[in-house]
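J.: I'd like to go over a predicted model; first the sequence, then the structure.
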Amino acid sequence: MPVTRASDVYYDPYDQEIDADPYPVYRRLRDEAPLYRNEHYDFYAVSRADDVERVLTDHETFISGRGAFLDFIRADIAMPPGILIFEDPPSHTRHRKVLARVFTPRRMAELEPQIRAYCARSLDPFVGARRFDFVADLGAQVPMRTISMLLGIPETDQERVRDRSTGSMRTEPGEPMQIEAVGNPELYADYIDWRVEHPADDLMTALLNTEFEDETGALRHLTREEILTYCSLLGGAGNETAARLISWTGKVLADHPEQRRQLVEDPSLIPSAIEEILRFEPPGHNFARFVTKDTELHGTTVPKGSVMVVLLASANRDERRFVDGERFDIRRHIEKHFTFGYGIHYCLGAALARLEGQVVLDEILRRFPEWEIDTDNARLTSASVVRGWETLPAFIQSK
């Protein structure tokens, strides 16, 4: 349906008042300004599912090679090869194939017993207690131990590596990100050097041993710099997404206790519940693309050189795609949503994030069938791209 009237709706990715509950703004954008223009920060934005899908699948007009987030594109810095979300074909295709070999769904599925053990380690000390924090005591622990185990990071170093991998997404309230470099690859240098002499059953060793055909047609191994870049990508993404999913699981199911009780009674609903949580409260709210040529959207020409912000979280609730999309429903059948991206940049770690979410929720419900969020002491993270909780304490009831 075309939009013919002007709108005074305002969207600002740095505005904390909007971030506290962005969904009313997203709804107005979809209804009143499906192609939105922010003059102050100099970007366009799309919010409807069809438009988001168009932008994410047209990787010739809307490219990732200048950065996948507004602040990175505006920083205009060189993107190191191997950061998949900041690449376009053919380099993206080549680098993605390398990671796909060592990050297979089968290997991820084999991690379930270990993830359950990490959950037990985090949750068992709170059985009989009155409260715990979904972020500090669970979300910051299980994903960290899982991705560190996969990469081969010693347990004594895991918290330090996690904190240095994920801190770059946070911002000062109301301010853009300060972009000085992309990733933190040197964080993994000592571990890679150790693995050269001491191979093990982990992703670092697999990356050291993998062979691939490069752009010249030569069969070769990855360079040390390429491996460091891959580890930086996996370490940051592996901690960030799953940690936020876990905290949103706690918050959303506290807000919908009747559906949480259905999960206690019927754990077979847990996979669909996690999928609905991913749709309803995605960890990441927006991507951005650089526009390579003049293109028309909703009767307006978006000029070459523009930045297009893609509002994934809005598209996930678009009632043109999802019936009654603003309603949370653990029994909803979802064919696809936008939380893990779309098209060639679909997240390689989606299977692992889903597995972690399902196992964590199952283990929580086995111990704590009831909880309420301590809203007076819960605090959202200040960030322009991701949305989640810095602290999320809860009053719990053990079985």
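T.: Great, that's in hand. Numbers count the residues shown, from 1 in each chain.

J.: Just the strands from the chain, written as ranges.
T.: 35-38, 43-46, 62-63, 131-133, 211-213, 219-221, 286-291, 295-297, 300-302, 307-311, 370-373, 379-380, 389-391, 393-397 (DSSP state E).

J.: between these, which one is nearest to I85?
T.: Closest of these to I85 is strand 286-291, at 8.0 Å (criterion: CB to CB). Quick note: C-beta positions are derived from backbone N, CA and C, even for glycine.

J.: Which other helices and strands does the closest one contact?
T.: The contact analysis (3 or more CB pairs under 8 Å, 6 or more residues apart in numbering; DSSP states H and E) places strand 286-291 against strand 43-46, helix 49-57, strand 62-63, helix 70-75, strand 307-311, helix 312-315.

J.: what pLDDT, on average, does the shortest one get?
T.: Pointing back at strand 62-63 there. For strand 62-63, mean pLDDT rounds to 96.

J.: so where do the helices sit in the stretch 251-399 of the chain?
T.: Using DSSP state H, counting those that start in this stretch, the helices found in the stretch 251-399 of the chain span residues 257-265, 270-280, 312-315, 350-367.

J.: most tightly surrounded among these?
T.: Comparing the helices of the stretch 251-399 of the chain by mean neighbour count (mean count of other CB atoms under 10 Å), helix 312-315 ranks first with a mean of 26.

J.: and it, what does it pack onto?
T.: Helix 312-315 is packed against helix 23-32, helix 49-57, strand 286-291, with contacts defined by 3+ CB pairs under 8 Å, 6+ apart.

J.: now do 10 Å
T.: helix 23-32, strand 43-46, helix 49-57, helix 270-280, strand 286-291 (3 or more CB pairs under 10 Å, 6 or more residues apart in numbering; DSSP states H and E).

J.: where does the stretch 151-300 of the chain have low pLDDT?
T.: Across the stretch 151-300 of the chain, the ranges flagged by pLDDT under 70 are 165-185.

J.: Equivalent analysis for the stretch 1-150 of the chain, please.
T.: 1-6.

J.: how about a cut-off of 50?
T.: Scanning the stretch 1-150 of the chain with the threshold set as pLDDT under 50 gives 1-4.

J.: want to throw the helices and strands packed on helix 312-315 into JSON lines with distance to K336?
T.: Shown next, in JSON lines, are those (distance: least, CB to CB, whole Å):
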{"stretch": "helix 23-32", "distance to K336": "18"}
{"stretch": "strand 43-46", "distance to K336": "17"}
{"stretch": "helix 49-57", "distance to K336": "9"}
{"stretch": "helix 270-280", "distance to K336": "10"}
{"stretch": "strand 286-291", "distance to K336": "16"}
